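Engineer: give the three-dimensional model of this entry:
(2 chains)
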Number of protein chains: 2
Amino acid sequence: MKFVIIGGDAAGMSAASRAKRHMPEMDVIVLEKTEDVSYSACGMPYKIADADRPMDDLVVRTADVFRNKQGLDLFTGCCAEAVDVKNCSVTGTIDNGESFRFFYDRLLIATGGRAIIPDLPGFDLPGVVALKSLADGRRIKDHIKVNAVKKAVIIGMGYIGLEMAEALRARGIEVDMVKPGPDLLPWMPRELAAEAKRELEANQVRLHLGCEINGIDKTDVRLGVNCNGRTLPADMVLVAVGIEPNSQLAADAGIETGVGNAIAVNHKLQTSNKRIYAAGDCADAYHVVTGQKTWIPLALRANRAGWAVADHVCGKATSLEGVAGTAVFKVFNLEVARTGLSFEESNRYGFEPVDVTIKSRSRAHAHPGAESIWVNLVGDRRTGKLLGAQMVGREGVAHRINAAAVALHAKMSVASFSQTDLAYAPPFGPVWDPLLTAANQLLKKMI
Amino acid sequence: MKFVIIGGDAAGMSAASRAKRHMPEMDVIVLEKTEDVSYSACGMPYKIADADRPMDDLVVRTADVFRNKQGLDLFTGCCAEAVDVKNCSVTGTIDNGESFRFFYDRLLIATGGRAIIPDLPGFDLPGVVALKSLADGRRIKDHIKVNAVKKAVIIGMGYIGLEMAEALRARGIEVDMVKPGPDLLPWMPRELAAEAKRELEANQVRLHLGCEINGIDKTDVRLGVNCNGRTLPADMVLVAVGIEPNSQLAADAGIETGVGNAIAVNHKLQTSNKRIYAAGDCADAYHVVTGQKTWIPLALRANRAGWAVADHVCGKATSLEGVAGTAVFKVFNLEVARTGLSFEESNRYGFEPVDVTIKSRSRAHAHPGAESIWVNLVGDRRTGKLLGAQMVGREGVAHRINAAAVALHAKMSVASFSQTDLAYAPPFGPVWDPLLTAANQLLKKMI
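Structural biologist: From the prediction side, this is the model:
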């Protein structure tokens, strides 16, 4: 059996390793267009923040380890360009200019996502960067060093933008952040987003909300981001307006795509062509709350989907459950977390949402060092079900969100969630965990 | 309607306040034998640790606030001695020597628990103390100050003993801990208990396991704990061998008691006498994993049960779900947490347990400052269900356990739990949360 995998990042390498572990005799062929496989992409902002450590700390396993220890046929510098579904082959070009063709019995498309670059003047200038691949990370780190970057503009205020704001401030770089929309973290309730805003401003990050971007100029030495009639000078411009799935290769081969242009897959990660799987940031998933398709590119899902593909290719019964859209990120000293649907999303999906926002504490009454924890909880008036949770605070947020995530997977009602036996000790929270206080309040509003 | 409550601690005051909020016209009478109501009992070790802060920081609301602001008939210094179920009355003695009698329409027994004091010579000597009430806490703090305590012996190595070891070391007091059993935290897998042991020893706590205690002596100035033929000198001896429910008053009135001698209650917190409720550390509960009765005295349950009693007394539909036995405590810089059943408990309850113990990290690959996290997960081979989880680590343990606790409430299988979408960001954990790594490993062993 020939199992060909396009893309050697989280999903692709997870699938490759696991398939080889299950069936050592299988031909597992991985085609990766860059030279990097298996690295901690989400760790990049933290390595950019640290001038003393190399980006390559993030490499978990090198290509040679996969080749020599695991016996994978791993080809880096190989860009897949077309899938011939009739003849079951993949063709493309090696970076030395030669072309290749591999035949497959089973194919996994794990081409990931790419940073969206707006089609505006100057976004191709040197010094205008995006952060997606490890090569991008190295480039940004080099650019900061070589050009002694003093001022940076970040376009976009999503996870990556915010994590990079922290990283650049850690390097002593002045940071301006710009976006056209009027709200920071628009999916959050106002009180929670205000905490994030305060934290950014307390760390001298200048936020320019509601600023339409017209383009980027270059003067002698500096870049200038033109927005709303003014120009923000910068030695580096980071474009962080979001990512999109690399699904063109699949679409060109006649494979169905769906929500957010991602490759449509079933619970076995099969595409519309049953010999072809898709996993990772290029593929969609079912949402555990809506039951409908969603596209939420997240690292855990990519790894898990890669494993599930390997299991199915090796003949194991496989059915991957959905995602809850659980995410956490750090904004300087603030932990920001979410799972499930926001109030607005709940409305959009036809629920009858009720929500509550409460402020609690990270430690018990009279315990020193307590910080505020904000919780927003959303329930469905019609079914009584929990729909989503969001939290912001300086401690005790990142892992607390998981209790709500598990409740969403279990399709728990707010009433049942409010009765869960969560841990209590004075250094770690109040007797009534902030999530329970929120659930109790929400329950009152739902009746 | 006359609603009489015996005991003005967590369960009793929660019930009293809530009943009065629901029905301001109701006569709510609380009889409390001490002078303290509504304080954070679990916070006591942390206030003993801090020479500069008074114990009374732990008081959340004083008796006068309950009387004046909430309109409760709250009688402190009133010790209930008998319940006459025929005439629906409670009799007892006020601390000025007068006796009282109150008639009730509904009665809540919330008499809590008491420290077990072994029936051995010398346990009544001055300087031999136990920590249960706020008065105990004040006494211990005073004793340390007045006697300039330099050496303490703690008998018992449960939560309270371990938290007090940390508190006393923070005061510069030498600590010996003694117990007859051979194992520290015997309900834990060896690897996890070993971490706690190392942490205690690293903080100069001397552990004497397998030491039968024969009694306590007093010489001129010092106490001496006699065990295994030797004497451990001490300026203070803390007895922390466990607590037992204060259920005698109920038993004397013919009310059924059950597991651990606690007062037996149904899901509405009613005792065998339907006009009489019990809540808090004196009452039992259903365990969500076994479905059977259990007695696990915990603060959250006491508060929650108090509320449920008030709801039912006020005519609201009430059904309190069970407990998972979730607990967390700090051992110096270590977080120790559990929920559900241990492997041995699972066996005892007739499950077919399989367990796994793994070591993971508190932060992502290459992220600075990562610490080890140990996880033990127990599943049932017969049903595939998750039965329990235990964790130990220096960070990221206290709130992580809640994900497993919610899974137990939802009666989730290990397979489903392993598919939950838990939060990931490099500062907060690996891509595969330690709980998921454990679930993946456990799943392999269960098939």
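
Engineer: please count neighbours and contacts with C-alpha atoms only from this point.
Structural biologist: Will do.

Engineer: list of residues touching the strand or helix carrying residue A:238?
Structural biologist: Element membership of residue A:238 [criterion: DSSP states H and E] is strand A:236-239. By Cα atoms under 8 Å, 6 or more residues apart in numbering or on different chains, the list of residues contacting strand A:236-239 from outside reads A:115, A:117, A:127-131, A:143-144, A:149, A:151-156, A:161, A:223, A:225.

Engineer: restricted to strands, list these.
Structural biologist: Residues of the contacts of strand A:236-239 located in strands (DSSP state E): A:115, A:128, A:129, A:151, A:152, A:153, A:154, A:155, A:223, A:225.

Engineer: adding distance to chain B, pLDDT and neighbour count, write the residues you listed out as TSV.
Structural biologist: Below are the ones in strands among the contacts of strand A:236-239 laid out as TSV (distance: Cα to the nearest Cα, whole Å; pLDDT from 0 to 100; neighbours: other Cα atoms under 10 Å in any protein chain shown):
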residue	distance to chain B	pLDDT	neighbour count
A:115	19	97	18
A:128	25	97	20
A:129	22	97	22
A:151	26	98	21
A:152	24	98	26
A:153	24	98	26
A:154	20	98	27
A:155	22	98	23
A:223	31	97	25
A:225	30	97	23
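
Engineer: start to end distance for stretch A:223-236?
Structural biologist: 7 Å (Cα to Cα, to the nearest Å).

Engineer: which of the residues in that stretch are buried?
Structural biologist: Using 16 or more other Cα atoms under 10 Å in any protein chain shown as the test for burial, stretch A:223-236 gives A:223, A:224, A:225, A:226, A:227, A:231, A:232, A:233, A:234, A:235, A:236.

Engineer: again with stretch A:322-337
Structural biologist: Neighbour-count burial for stretch A:322-337, counted by 16+ other Cα under 10 Å, picks out A:322-332, A:334-337.

Engineer: list the ones among these that fall in strands.
Structural biologist: Assigned to strands by DSSP E, the following of the buried residues of stretch A:322-337 qualify: A:327, A:328, A:329, A:330, A:331, A:334, A:335, A:336, A:337.

Engineer: near chain B, from these?
Structural biologist: A:327, A:328, A:329, A:330, A:337 (Cα under 8 Å from any Cα of the partner chain).

Engineer: can you give me the distance of the residue lying closest to the second one once chain neighbours are set aside to residue A:404?
Structural biologist: It stands for residue A:328. Nearest-residue entry for residue A:328: residue A:337, 4.1 Å, with adjacent residues in sequence omitted and distances by Cα to Cα, 6 or more residues apart in numbering or on different chains. Distance, residue A:337 to residue A:404, using Cα to Cα: 11 Å.

Engineer: again, but for residue A:179
Structural biologist: Taking Cα to Cα, one finds residue A:179 at 31 Å from residue A:404.

Engineer: count of residues packed around residue A:363?
Structural biologist: If you count neighbours by other Cα atoms under 10 Å in any protein chain shown, residue A:363 ends up with 25.

Engineer: tell me the phi and psi of it?
Structural biologist: Backbone torsions for residue A:363, taken as degrees, to the nearest 10, come to phi -140, psi 170.

Engineer: which pLDDT value goes with it?
Structural biologist: Looking at residue A:363, its pLDDT reads 97.

Engineer: for it, which residues are in contact?
Structural biologist: For residue A:363, the contact set (Cα under 8 Å, 6+ apart) comprises A:369, A:370, A:371, A:426, A:427, A:428, A:429, A:430.

Engineer: hmm, 10 Å instead?
Structural biologist: A:369-373, A:395-396, A:424-431, A:433-434 (Cα atoms under 10 Å, 6 or more residues apart in numbering or on different chains).

Engineer: the residues you listed in strands, which ones?
Structural biologist: A:372, A:373.

Engineer: give me the residue from chain A nearest chain B.
Structural biologist: Nearest residue of chain A to chain B (Cα to the nearest Cα) works out as residue A:403 at 4.1 Å.

Engineer: now that residue. Nearest residue, chain neighbours left out?
Structural biologist: residue B:403 (4.1 Å).

Engineer: who has more neighbours, residue A:179 and residue A:404?
Structural biologist: Between residue A:179 and residue A:404, counted using other Cα under 10 Å, the more crowded position is residue A:404 (29 against 22).

Engineer: per-residue pLDDT, the more buried one?
Structural biologist: Reported pLDDT for residue A:404: 98.

Engineer: try the one 3 residues further on
Structural biologist: In this prediction, residue A:407 carries a pLDDT score of 98.

Engineer: how about residue A:140?
Structural biologist: Note on residue A:140: pLDDT of 97.

Engineer: list phi and psi for it.
Structural biologist: phi -60, psi -40.

Engineer: same thing with residue A:400?
Structural biologist: According to degrees, to the nearest 10, residue A:400 has phi -60, psi -30.

Engineer: so what's it closest to, chain neighbours aside?
Structural biologist: residue B:399 (5.3 Å).

Engineer: ok, residue A:130 next?
Structural biologist: Of all residues not flanking residue A:130 in the chain, residue A:239 sits nearest, at 5.1 Å (Cα to Cα, 6+ apart).

Engineer: what residues of stretch A:438-447 count as buried?
Structural biologist: So for stretch A:438-447, counting by 16+ other Cα under 10 Å, buried means A:438, A:439, A:440, A:441, A:442, A:443, A:446.

Engineer: export these to CSV and tack on pLDDT?
Structural biologist: Formatted as CSV, these follow (pLDDT from 0 to 100):
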residue, pLDDT
A:438, 98
A:439, 98
A:440, 97
A:441, 98
A:442, 98
A:443, 97
A:446, 95
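
Engineer: near chain B, from those?
Structural biologist: By Cα under 10 Å from any Cα of the partner chain, no member of the buried residues of stretch A:438-447 lies near chain B.

Engineer: TSV please, covering those residues and showing secondary structure.
Structural biologist: Compiled in TSV, these are given as follows (DSSP: H, G, I helix; E, B strand; the rest coil):
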residue	secondary structure
A:438	helix
A:439	helix
A:440	helix
A:441	helix
A:442	helix
A:443	helix
A:446	helix
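
Engineer: so who does residue A:197 touch?
Structural biologist: A:183, A:184, A:185, A:191, A:203, A:205, A:206, A:207, A:331.

Engineer: ok now stretch A:53-61, how far from the chain's centre?
Structural biologist: In terms of Cα atoms, centre = their mean, to the nearest Å, the centre of stretch A:53-61 is set 19 Å apart from its chain centre.

Engineer: quick one: contacts of it?
Structural biologist: Stretch A:53-61 is contacted from outside by A:36-48, A:62, A:134-135, A:137-139, A:141, B:364-367, using Cα under 10 Å, 6+ apart.

Engineer: restrict the contacts of residue A:363 to those near chain B?
Structural biologist: Okay, of the contacts of residue A:363 touching chain B (Cα under 10 Å from any Cα), that's A:396, A:424, A:425, A:426, A:427, A:428, A:429, A:430, A:431, A:433.

Engineer: now, which of these sits nearest residue A:290?
Structural biologist: For the ones next to chain B among the contacts of residue A:363, the minimum distance to residue A:290 (Cα to Cα) is 26.7 Å, reached by residue A:433.

Engineer: phi and psi next, for the closest one.
Structural biologist: phi -50, psi 140.

Engineer: near it, how many other residues are there?
Structural biologist: A total of 24 residues lie near residue A:433 under the criterion other Cα under 10 Å.

Engineer: same check, this time on residue A:251
Structural biologist: Residue A:251: 15 neighbours (other Cα under 10 Å).

Engineer: and the furthest pair within the ones in strands among the contacts of strand A:236-239?
Structural biologist: Taking Cα to Cα, no two of these sit farther apart than A:115 and A:151, at 21.8 Å.

Engineer: how about the most centrally placed residue in chain A: what's its closest non-neighbour residue?
Structural biologist: The centroid of chain A falls nearest to residue A:298 when counting by Cα atoms, centre = their mean (3.9 Å). Among residues not flanking residue A:298 along the chain, residue A:281 sits closest, at 7.0 Å (Cα to Cα, 6+ apart).
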